[in-house]
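K.L.:
A structural model of the following input is requested.
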Amino acid sequence: MKQLLLLTGFVLCCTFAFAQPPKDTAYIRDHYTKMEKYIPMRDGKTCLLLFTCPKINQKNTLS
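P.N.:
Sure thing, here's the model as predicted:
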């Protein structure tokens, strides 16, 4: 039992040690707009909706 607990702890430590932060967060923050909205459900609870939209400038328009 003790060996299983040590092995589990070792695996979790290795998982967190090799996790990398997201790259180019400044690019995403500069070029996308993040929106958060709560949507009421029929059972009375609320659902959190997170979505990102690209920021539009004159170079990105289709017209």
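K.L.:
tell me which helix or strand of this structure sits lowest on mean pLDDT?
P.N.:
Ranked by mean pLDDT, DSSP states H and E, the weakest helix or strand in the chain is helix 2-17, scoring a mean of 73.
K.L.:
can you give me the strands in the protein?
P.N.:
32-40, 46-54 (DSSP state E).
K.L.:
Can you say which of the ones you listed is nearest to V11?
P.N.:
The closest approach between V11 and any of these, judged by Cβ to Cβ, belongs to strand 46-54 at 30.0 Å. C-beta here means a position set from N, CA and C on the backbone, and glycine is covered the same way.
K.L.:
Mean confidence (pLDDT) on that closest one, please.
P.N.:
The average of the pLDDT scores along strand 46-54 is 89.
K.L.:
Tell me which other helices or strands it touches.
P.N.:
The elements that strand 46-54 packs onto, with contact taken as 3 or more Cβ pairs under 8 Å, 6 or more residues apart in numbering; DSSP states H and E, are strand 32-40.
K.L.:
so how far is the strand it packs on off the chain centroid?
P.N.:
13 Å (Cα atoms, centre = their mean, to the nearest Å).
K.L.:
who does that strand pair up with?
P.N.:
strand 46-54 (antiparallel) (DSSP bridges).
K.L.:
returning to that earlier point: can you put the strands of the chain in TSV and add mean neighbour count and distance to Q3?
P.N.:
Supplementary listing: the strands of the chain in TSV, determined by neighbours: other Cβ atoms under 10 Å; distance: least, Cβ to Cβ, whole Å:
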stretch	mean neighbour count	distance to Q3
strand 32-40	10	45
strand 46-54	9	41
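K.L.:
right, and those - which one's nearest G9?
P.N.:
Closest among the strands of the chain, using Cβ to Cβ: strand 46-54, at 32.4 Å.
K.L.:
Run the chain-centre distance for the closest one.
P.N.:
Using Cα atoms, centre = their mean, the offset of strand 46-54 from its chain centre is 11 Å.
K.L.:
got a list of contacts for it?
P.N.:
Contacts to strand 46-54, defined as Cβ atoms under 8 Å, 6 or more residues apart in numbering, come from residues 28, 31-41, 60.
K.L.:
so which one among those residues has the lowest pLDDT?
P.N.:
N60 (55).
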